[in-house]
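*Asks:* 3D model of this:
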Amino acid sequence: METTSRASNIPSKMKAWVYAHHGKPVDVLKLDLDVAVPQPTEDQVLIKVVAAGLNPVDFKRMLEMFIEADSPLPTVPGYDVAGVVLKVGSQVKILKEGDEVYGNINEKGLDHPKRYGTLAEYTAVEEKLLALKPKNLSFVEAAAIPLAIGTAYEGLEKTGFSAGKSILVLGGAGGVGTMVIQLAKHVFGASKVAATSSSAKLELLKSLGADLAIDYTKDNFEDLPEKFDAVYDAVGQSERAVKAVKEGGQVVTIEPVKALTAPAFRFILTSSGAMLERLNPFLENGKVKPVIDPRGTFPFSQGPEAFSYLETGRVTGKIVLHPIP
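*Replies:* Got it, this is the predicted structure:
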């Protein structure tokens, strides 16, 4: 467990948001000023967290939705991180102290995620889950990316999506949906991208690359005469989605639904730094951009308020906690 470090000023205790019981975030999330700073193992680095992105999975864990494979309580929530490497384990090959990095700290999102997540001053994470932060992005922007872009990318890959195909994105203005639109168009080379949102967000969808923006408050996407090679369901409407896909096409969903009708299938993200590295050029040239809600940057002290807003389901893109003390 030998680590090399010049960072002798790392404290032994830190501030972190912690829940010791399950329930609504506003009820169970408490700011603890006396949490032990995690020690990185051989293949991990210790990060000073600069910004932390929030995801629906964070409050779903608090609500006991994934209890059978969750980590024990008390738990520090948080998957997405952007920060600075302070300390490296002895087996760390590439990253070094001072590197600005970002990533999703949980390789398997719902298989015993880390007890010490990113809503803290420090977090320890395996080198293989991190990538260097794109140079053109702020820490806040970088923290908004990892889980959403990974989920979008892996879902597209699992549908066999490729250049020249068409796709319908359900929930195009959400954290994952905004990434699916951009990746389908600018990375995979879609021939046509359609996406659904409420009336106020249609222009956003077009600005991200959607050729057709569908107002779900006025139109039923499954009634369109046009059918699609793939449907990416980010809202849990797979029963309707299968009516909008071409024969031989695929419907991928990320929502926990009780029963799926073929050709719909569900997957759970496997994260990696290599995937972020693959997409960094598209982030650095501006083809793919982080989308942060207009109200979406909350100071660290307002963790519960940030979760309350996330729970409304009306967030555009992502929410990020910043600054972190």
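*Asks:* from here on, just use CA atoms for contacts and neighbour counts.
*Replies:* Fine.
*Asks:* which of the residues in stretch 138-155 are buried?
*Replies:* The neighbour-count check on stretch 138-155 (16 or more other CA atoms under 10 Å) flags 139-155 as buried.
*Asks:* whoops, I mixed them up, stretch 157-172
*Replies:* Buried-residue list, stretch 157-172, by 16+ other CA under 10 Å: 159, 161-162, 165-172.
*Asks:* also stretch 59-79?
*Replies:* Across stretch 59-79, burial judged by 16+ other CA under 10 Å covers 59-63, 70-71, 75-79.
*Asks:* now swap in stretch 273-293 and tell me
*Replies:* 273, 275-277, 279-280, 282-283, 288-293.
*Asks:* how far does it sit from the chain's center?
*Replies:* 13 Å (CA atoms, centre = their mean, to the nearest Å).
*Asks:* now the helices for this structure?
*Replies:* Here the chain has its helices, by DSSP state H, at 25-28, 56-62, 139-143, 146-158, 175-186, 202-208, 238-241, 273-284, 303-311.
*Asks:* for Pro323, which of these is the nearest?
*Replies:* Nearest to Pro323, of all the helices of the chain, is helix 139-143, at 8.7 Å by CA to CA.
*Asks:* which one of the buried residues of stretch 157-172 is nearest Ser308?
*Replies:* Closest approach between the buried residues of stretch 157-172 and Ser308, by CA to CA: Gly171, at 19.5 Å.
*Asks:* mind pulling up the pLDDT for that closest one?
*Replies:* What the model reports for Gly171 is a pLDDT of 98.
*Asks:* same check, this time on Glu255
*Replies:* 89.
*Asks:* could you give the backbone dihedrals for it?
*Replies:* phi -90, psi 140 (degrees, to the nearest 10).
*Asks:* pretty sure it contacts Tyr232?
*Replies:* No: using CA atoms under 8 Å as the test, Glu255 is too far from Tyr232 to be in contact (10.7 Å).
*Asks:* the two: who's more crowded?
*Replies:* Neighbours were counted for Glu255 and for Tyr232 using other CA atoms under 10 Å; Tyr232 has more, 30 against 15.
*Asks:* tell me the contacts of the nearest residue to Val85 once chain neighbours are set aside?
*Replies:* Distances taken as CA to CA, 6 or more residues apart in numbering place Ile47 nearest to Val85, at 4.5 Å, with adjacent residues excluded. Going by CA atoms under 8 Å, 6 or more residues apart in numbering, Ile47 touches 83-87, 122-125.
*Asks:* who wins for neighbours among the residues you listed?
*Replies:* Result: Tyr122 is most packed of the contacts of Ile47 (other CA under 10 Å), 29 neighbours.
*Asks:* which residues does Ser199 contact?
*Replies:* Ser199 neighbours (CA under 8 Å, 6+ apart): 215-217.
*Asks:* look up how far Met62 lies from it.
*Replies:* 31 Å (CA to CA, to the nearest Å).
*Asks:* could you check how far the residue at the greatest distance from the centre of the chain is from Val193?
*Replies:* Distance from the C-alpha centroid of the chain, by CA atoms, centre = their mean, peaks at Pro225 (32.8 Å). Using CA to CA, Pro225 is found at 15 Å from Val193.
*Asks:* ditto for Leu119
*Replies:* From Leu119 to Val193 the distance is 35 Å (CA to CA).
*Asks:* Gly164 too?
*Replies:* Gly164 is 11 Å from Val193, by CA to CA.
*Asks:* kindly report the same for Ala241.
*Replies:* 15 Å.
*Asks:* buried sites along stretch 93-100?
*Replies:* 95-97, 99-100.
*Asks:* what do you get for stretch 21-36?
*Replies:* Result for stretch 21-36 [16+ other CA under 10 Å]: buried residues 21-25, 28-31, 35.
*Asks:* so what's the residue count around Leu224?
*Replies:* Neighbour tally, Leu224, other CA under 10 Å: 10.
*Asks:* contact partners for it?
*Replies:* Ala244.
*Asks:* give me the pLDDT value at it.
*Replies:* Note on Leu224: pLDDT of 95.
*Asks:* and if you look at Glu2?
*Replies:* Looking at Glu2, the pLDDT reads 45.
*Asks:* nearest to His322, of the contacts of Ile47?
*Replies:* Gly83 (11.0 Å).
*Asks:* how about that closest one, what does it touch?
*Replies:* Contacts of Gly83 by CA under 8 Å, 6+ apart are 47-51, 100-102, 139.
*Asks:* return the subset of these lying in strands.
*Replies:* With strands taken from DSSP state E, the overlap with the contacts of Gly83 comprises 47-51, 100-102.
*Asks:* return the member of those nearest to Leu183.
*Replies:* Tyr102 (18.8 Å).
*Asks:* spatially nearest residue to that closest one (excluding sequence neighbours)?
*Replies:* Ala82 is the one closest to Tyr102 (CA to CA, 6+ apart), at 4.2 Å.
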